[in-house]
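[1] test case, fold it:
(one chain, ligands or ions: 1)
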Amino acid sequence: MPANLLVILSGSIAAYKACEVISRLVQQGHRVRTVATSSALQFIGPATLEGLTGAPVATELFAAGAALDHIELARWANLILVCPATANTLNRAATGLADDLPGALLLAREANQPLLFAPAMNPAMWAHPATVASVARLRHWGAQFIPVGEGRTACGETGAGRLAEPDAIVAAVTAALTPPGRRLRVLITSGGTAEPIDGVRVLTNLSTGRTGAMIAEHLAKAGHEVVLARARHATPAQGRVCEETFSSFADLDRLLTRLLAANNFDAIIHAAAVSDFSVELVPEAGADATVAPGKLDSHTARLLRLRPNPKLIDTLRERSRRRDIQIVAFKLTDHATPAAAQAEVRELLARAAPDFVVHNDLAEQTDTNFPATIHGRDGTSTACATRPDLAAALERLLSSQS
Ligand SMILES: Cc1cc2nc3c(=O)[nH]c(=O)nc-3n(C[C@H](O)[C@H](O)[C@H](O)COP(=O)(O)O)c2cc1C
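    Numbers count the residues shown, from 1 in each chain. Model prediction:
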């Protein structure tokens, strides 16, 4: 939903990155107004900010005709973002100084108005006890901090203190704007399991985990809390996604038990390609039947036996804290006729009782195309052409049901 966003820029070399953040927020439909310190205007011009937002940039507390801007702007904003936040601006805010426009605005802010700081400074300034104490104090007063990046800063020193990437800042703003009641806690599984044959060989599948990672990123950007349980070599997710990894079926099974017991998830999207079988060695005279931690001799061919794994999807609801958890299952068919695909989806809906089944067929899938249909338990169906379509549709469906 479009919101009124007030962005305060202070004098860091990273101010140019804040322009990218502002541009993206405007593109999302938000109304953005800016305040810049006089130091910030050493780095970017007022014309840039005015061009991006369509509104003049406010700079002076005592500007003619705008003497009460600090109250009006603070009341107008649904959220205040200080980006980039210099050491000076942070430390001043933590002492409650109000002798410039940013300081006065931050004091005039109402207690329930989200306030986010995106700091940017030299690593020594970020680690200084004055800054550390200011961050703690501002947090105590309800401010949120967008984690700084690590690496080489503009001044040539290496360490923590770089401005977060625009993506992360925009995601933090979106999350802060999402009312807690609409924020879902979602567990997503993705990627293929790897079943050990011995300590160095596995039986696996070609799942890349791209679908799960994309859904995770989309949900996180929409302000939801996301845990991505992905196969160790599967595509990781960018942004505010908490990741856990697994390797074999047994690993994933244990991970699910732990995560479902420890968290009150609202939804599970089970996109992982879980092996239908685990591997056992056929017992031989003098040789162990269990999968060895070491390497089987390359010159002796051992017989392998496949042991069926139980279907994890069938047990997710009973293992979850909430019995009304929304479950999304995936069904991949291979060159199935529409009738055969329907029958498979119906069988899965009847057996595992998920709320939705995402069906796709290998014949239609390419690197970029991912046509899929989301079948609801209530008989509804939603067609999606691509992975981003699928992610957006799942977000809509899960949010509207909770
Ligand atoms: C080239 C240059 C880059 C600077 N970059 C930063 C920075 O990234 N972070 C910071 O805290 N201060 C930085 N400073 C110092 C601030 O601009 C200075 O402390 C200023 O007083 C901050 O004022 P303000 O917080 O009112 O914008 C930089 C100064 C210069 C000259």
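[2] how about the stretch 51-200 of the chain: which residue is closest to the ligand?
    Relative to the ligand, the nearest point of the stretch 51-200 of the chain is residue 86 (3.2 Å; CB to the nearest ligand atom). No exception for glycine: its C-beta is placed from N, CA and C like everyone else's.
[3] my read: that residue touches residue 13, true?
    No. With contact defined as CB atoms under 8 Å, residue 86 does not reach residue 13; the gap is 10.0 Å.
[4] for the two, indicate the residue with more neighbours.
    Comparing residue 86 with residue 13 by other CB atoms under 10 Å, the one with more neighbours is residue 86, at 23 against 15.
[5] picking up where we left off before, overlap in contacts, residue 86 and residue 13.
    When contacts are counted by CB atoms under 8 Å, 6 or more residues apart in numbering, the set common to residue 86 and residue 13 consists of residue 120.
[6] can you pull out the strands in the stretch 101-250 of the chain?
    Secondary structure of the stretch 101-250 of the chain, counting by DSSP state E, counting those that start in this stretch: strands at 115-119, 144-145, 149-152, 158-162, 185-190, 195-196, 202-203, 225-231, 241-246.
[7] low-scoring pLDDT stretches of the stretch 151-300 of the chain, where are they?
    Along the stretch 151-300 of the chain, segments meeting pLDDT under 70 span 180-181, 285-292.
[8] redo that, cut-off 50
    Applying pLDDT under 50 to the stretch 151-300 of the chain flags no residue at all.
[9] run through the helices of it in chain order.
    166-177, 210-221, 249-262 (DSSP state H, counting those that start in this stretch).
[10] got the contact list for the first one?
    Taking contacts as CB under 8 Å, 6+ apart, the residues outside helix 166-177 that touch it are 1, 3, 5, 17, 20-21, 24-25, 28, 78-79, 81, 83, 114, 116, 118, 144, 146-147, 163-164, 183, 220-223, 238-240.
[11] just the buried ones from the residues you listed, in ChimeraX syntax?
    Buried members of the contacts of helix 166-177, defined by 16 or more other CB atoms under 10 Å, are picked up in ChimeraX with:
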select :3,5,17,21,24,25,28,78,79,81,83,114,116,118,144,146,163,164,183,220,221,222,223,238,239,240
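[12] hang on, the earlier thing: nearest spatial neighbour of the residue of the stretch 51-200 of the chain closest to the ligand, skipping sequence neighbours?
    With CB to CB, 6 or more residues apart in numbering as the criterion, residue 86 has its nearest non-adjacent residue at 4.2 Å, and that residue is residue 10.
[13] ok, now residue 118?
    Distances taken as CB to CB, 6+ apart put residue 83 closest to residue 118, at 3.9 Å, once the chain neighbours are dropped.
[14] same check on residue 221?
    residue 171 (5.1 Å).
[15] any idea how far residue 182 is from the one you found?
    16 Å (CB to CB, to the nearest Å).
[16] re the thing from before, dihedrals phi and psi, the residue nearest to residue 118?
    phi -160, psi 120 (degrees, to the nearest 10).
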